[in-house]
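*Asks:* I'll drop the sequence and a predicted model, then ask my questions.
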Amino acid sequence: MKTIKELEDYAQENRIPIMQQEGMDFLCTFIAEHDCKNILEIGSAIGYSAIRTALANPQSKIITLERDEERYRMAIENIHDFHLEDQIEIHLCDALEYTTEEMFDLIFIDAAKAQYIKFFERYEHNLKPGGHIISDNLEFHGYVEHPETVISRNLRQLVKKIKKYIVYLEAKDSFETIFLKIGDGVAVSHKKSQK
């Protein structure tokens with residue numbers, strides 16, 4: 001049986017992006033406090049955050065999406081090692097092509113940063129009123145606040161897209177968003193109940 005620490009060490013050694021410890025602890029606490037039972041995760045990587053969220057609420061059911069085949073296979077193996085196959089359902093697919101009729105209490109976005117607006121728009125209708133969308137990496141290693149430190153053109157484009165997403169969230173009337181300086185920057189978007 002693997003441990004959480006082993007997953008974290010593996011991710012660090014192999015440069016696999018997983019949620020920072022502080023952000024992960026926040027997400028787990030949030031799930032437990034809000035009793036989130038139906039969760040959609042966009043971006044499984046090696047299954048680390050799906051495993052952590054499943055352990056945070058044993059009553060929860062998580063659907064997680066991953067498009068990288070190698071990471072997907074690793075996630076399946078890790079989910080199996082933690083005996084969480086009944087709680088976590090993983091799909092090998094592009095999140096922009098996946099369709100579901102399910103309604104979720106929580107949607108967690110931690111995938112291709114340049115696609116955050118598209119992810120949000122694709123799945124916001126699958127979020128129950130009063131539910132939450134949590135987005136990770138909005139500070140992006142400090143580059144969003146200090147774009148002048150970015151040298152690479154590709155990275156500059158990515159930082160611009162993250163900033164655009166932040167502006168998008170701030171302007172979205174059907175949601176109320178708070179931005180937290182936790183981990184690598186987290187946004188919590190609460191879906192207002194329709195009047």
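*Replies:* Structure's in. What do you need?
*Asks:* Please make it C-alpha for all contacts and neighbour counts, starting now.
*Replies:* Will do.
*Asks:* Show the pLDDT at the closest residue in space to residue 111 that isn't next to it in sequence.
*Replies:* Nearest non-adjacent residue to residue 111, counting by CA to CA, 6 or more residues apart in numbering: residue 43, 4.5 Å away. pLDDT for residue 43: 94.
*Asks:* Could you do residue 147 as well?
*Replies:* Residue 147 carries a pLDDT value of 66.
*Asks:* hey, which helix or strand in this protein has the poorest pLDDT?
*Replies:* Least confident helix or strand of the chain, by mean pLDDT, DSSP states H and E, is helix 153-171 with a mean of 87.
*Asks:* for that one, the distance to its chain's centre please.
*Replies:* Relative to its parent chain, helix 153-171 has a centroid offset of 17 Å by CA atoms, centre = their mean, to the nearest Å.
*Asks:* Centre of the chain to stretch 89-106, how far?
*Replies:* Stretch 89-106 sits 12 Å away from the centroid of its parent chain (CA atoms, centre = their mean).
*Asks:* now do stretch 164-177
*Replies:* Here stretch 164-177 shows a centroid-to-chain-centroid distance of 17 Å under the convention CA atoms, centre = their mean.
*Asks:* One more: stretch 44-64?
*Replies:* Taking CA atoms, centre = their mean, the mean C-alpha location of stretch 44-64 is offset from the chain mean by 11 Å.
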